[in-house]
Every structure is written in C-alpha cells, then in structure tokens.
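S.K.: Task: produce atomic coordinates for the following.
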Amino acid sequence: MSGVQTTFSLPEGHILRRSPRGLLGLGVLGLAVAGAGALIDADQFFRSYLVAFMFWGGIAFGSLGLVALNHIAGGRWSVVIRRVGEAAMRTLPLLAVLFVPIALGLPHLYEWARPGHAEHDALLQFKTWYLNVTFFLLRAAIYFTVWIVIARVLVRWSNEQDATGDPAYVRKFQLLGRGAVMLYALTMTFAGVDWMMSIEPHWYSTMYGLLVIAGQVLSALAFAIAILALLVEYDPIAAVATTERFHDLGKMLLAFVMIYAYFAFSQFLIIWSANLPEETPWYLKRITGGWQVLAVALPALYFFLPFFILLSRNLKRNSRRLIVVTVLLLFMRLVDLYWFIMPAFSPGKFTVHWMDLAAVAGVGGVWLAAFLFNLQGRPVLPLRDPALPLEAAA
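M.R.: So this is what the prediction gives:
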C-alpha cells in the first residue's frame, strides 16, 4: 500500500486548491455586512441567518447520515464519496459555534420565546413545558454533542483503517453506522421541529422530520457528487471515480429526489385533503401573496426537471453534466428552505432581502473554507477499505 496518500494534493491552479482563503474572506465579509444589517433590522438578520444556517448546516448534518448509511450499505459507490462526507461532518464543531447567533436571537425568531407572549394563548401555555428557552438550548446542546461524538468516532476509525488496514473495521463501521443512522434520524427530527417548525407553534406535521432529513441527505449527496466531479481528473480519484461509479451515484441521487418529493407531496395531500383550520393556513401562507411562484417552481425544478434528466443513463455517466444537476438541486434546496421559513414572517408578501444574500454568502464562505481545509488535510480516499478496487491503492 505504498501509494496511500497522506494529504490531498492538487495542482496550484485547481479551484479547490485556491478557494479556501478567498471563501473565508467572502464569509467574513458576508457575516460583517449581515451583522451591520442587524443594527438596522435585527428581526430580518436573524431570519436570514436561520435560512443560511439550515442550508449550509444541512449539508454537514446530511453528510453524517449519508456516511453512516454508506457504512451500512457498503459498496464502491459509497467509498468514492466517503471522504467528502467526512470532511463535511468534521465541520460540526464550527456549526455549533455558528449556532450561537440563533441562540442569542430566539425572541426574534420564535414567538414562544418572547417574555409574556404565552400568557393569553392557551395552546402556547400547554406547550410551554417543551417550548421554553432553557429546554430549547439544552436540546440543541444534546443534538450537537451526539452529532460531534458520532462524527469524531467515524473519522477516527477511518484514520485507523487507513493506518492498519484491519478488516475488522468493516464490521465495526456497520454496527456503528446502524446506531448512527437511528440517532441522526431521532435527533434531527427533534432539531427540525425545534429550529424550523416551532417558528409557527400553532401548526404541526408528523411528516416534518422526514422532510428535513430527506432534504439534508439529498443536499449532502448532491454536494458530494459535485466535489467528486471536480476531482475526477486527478489521482487517485481518477482510478476509482469511473463512469460506472458516477452512474451509481446518479441513481442514488434520483432515488433521493423521488423520496423527498414523495414526503413533500404526502404532507401536502394529507393536510390539504383534511382541510383542518389549524393545519391548512401553513400552506395558504405559501401559495398567496407572491409565494405561489416558489410553490410552483419547487416541484418543477426540484423534482420534475431533475427526475426526467436523471432518467438518462448517458447523463448519469457524465460527471460534467451531472454536476449541473447537483448545482440545480443545491440551489433549489436553498429556495425550499426559504419557502419553508420566510412566509411565516412575511405572509401575503413575497420578498427577498439583501441580508438574505449576505447571510448565505457569510455562513457559506466560512463553512466551505472549513470544509476544504478538512478535505485537504487527509487522504482523499480510504485506500485500505476492502470495497476499493486494488488498482486505486497501487
């Protein structure tokens, strides 16, 4: 195994090699601009920041679930994107820090967090045992602790597998992966309810957690494929990321597009057909006042267009074409989160604020810089994994 790389090395001119410093600068600038905007309109700042955090953080959270799922399923398709997923989930401590502004701005985001707001609301009084600031922050701390511990163990074992090649790690990864998937699903269901659904505490959906999880895993997979496509011409990726692997990844992407669409449509169908006054207003806010533009764009560009494109066998085997689809899916994921969150604060009036763009650029720049730093600090492939072709380790 003399060919195992100790670091990830790319030519000087490669976009992933020259990007981290520029992205970090963009992130600091974006956060500074958004922070200055907070002095003008604090409510808008925290709303914009929440969307940005859920989008970029969702890639890291989804990567945790995706890597755990990869260890359960095994196979060559999972090995080629594992290090991308591991680099993404290694940013979880950074995301815990980036969560601090949300913790500080709870009254600006959640009506239940405003002092005295529940006094004249019987339903909020009933939910106070769960929706209160202290318990909210405690739950957030538990979520991040669970995610960070799982990520650290997965990465440490992956490093040890690189060093020793011990086949026993395959079984250990499978066992940990099963527990990690269940813990991720459980904690992210609660986190999705806490951080997003409780913005409108009078509304509820039992499908909401599944929507959050499926959207995160879809965005994580799309992001991993995009990064892999940028590396496909360089060793040792070139020996592994064949057209067959991209074909497999394209089929997985198609599957998750369909899964997310199924969950989204199921929630809509159940709520709309039941026509209950405590449920339908959530959708009414999102199909009136200009928000219906996004309501139409989301199924068209987040499901139908990617679905029909990904049916093409030739496209799935072409990394350059596939990367276009992943970029579209990532952009529409951002639009999806915007449509989920913003109408609660601006019902009847579709709007995009300049702080929305600043927050996405700020959080994204810092997160992407950390991701690329993590990616470049380790072997680009788990070269001692039994699922990897022998020629890749030569």
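S.K.: So what's the gap between the worst-scoring helix or strand of the chain on mean pLDDT and the chain middle?
M.R.: Least confident helix or strand of the chain, by mean pLDDT, DSSP states H and E, is helix 237-240 with a mean of 82. Per Cα atoms, centre = their mean, to the nearest Å, the displacement of helix 237-240 from the mean C-alpha position of its chain is 26 Å.
S.K.: now do stretch 302-320
M.R.: Put simply, stretch 302-320 sits 21 Å off its chain's centre (Cα atoms, centre = their mean).
S.K.: For that stretch, which outside residues touch it?
M.R.: Stretch 302-320 is contacted by residues 228-229, 232, 241, 243-244, 246-247, 249-251, 253-254, 257-258, 260-261, 321-322, 325, 328-329, 332-333, 335-336 when judged by Cβ atoms under 8 Å, 6 or more residues apart in numbering. The C-beta positions use only the backbone N, C-alpha and C, and glycine is treated the same way.
S.K.: Narrow these to those in helices?
M.R.: Among the contacts of stretch 302-320, the residues falling in helices (DSSP state H) are 228-229, 243-244, 246-247, 249-251, 253-254, 257-258, 260-261, 321-322, 325, 328-329, 332-333, 335-336.
S.K.: name the element the closest residue to Glu160 other than its chain neighbours belongs to?
M.R.: Of all residues not flanking Glu160 in the chain, Tyr169 sits nearest, at 6.9 Å (Cβ to Cβ, 6 or more residues apart in numbering). Element membership of Tyr169, judged by DSSP states H and E, is helix 168-195.
S.K.: same question for that helix, mean pLDDT?
M.R.: Throughout helix 168-195, pLDDT has a mean value of 95.
S.K.: Tell me which residues of it come out buried.
M.R.: Within helix 168-195, the residues that count as buried by 16 or more other Cβ atoms under 10 Å are 169, 173, 176-177, 180-181, 183-184, 187-189, 191-195.
S.K.: Backbone dihedrals for the residue lying farthest from the centre of the chain, please?
M.R.: For the chain, the largest distance from the centre (Cα atoms, centre = their mean) belongs to His120, which lies 37.0 Å off. The phi and psi values for His120, taken as degrees, to the nearest 10, are phi -110, psi 20.
S.K.: Start at 11, not 1
M.R.: Will do, 11 is the new start, and the previous item becomes His130.
S.K.: Now do the contacts for it.
M.R.: Contact analysis of His130 by Cβ under 8 Å, 6+ apart lists nothing.
S.K.: Model confidence for it, exactly?
M.R.: 81.
S.K.: on that earlier part again, what sits against the residue nearest to Glu170?
M.R.: With contact taken as Cβ under 8 Å, 6+ apart, Tyr179 is in contact with 167, 170-171.
S.K.: For these, pick the one with the most neighbours.
M.R.: Among these, the one with the most neighbours (other Cβ atoms under 10 Å) is Gln171, at 21 neighbours.
S.K.: Name the nearest residue to that one, ignoring sequence neighbours.
M.R.: Nearest residue to Gln171, sequence neighbours excluded (Cβ to Cβ, 6+ apart): Tyr179, at 4.3 Å.
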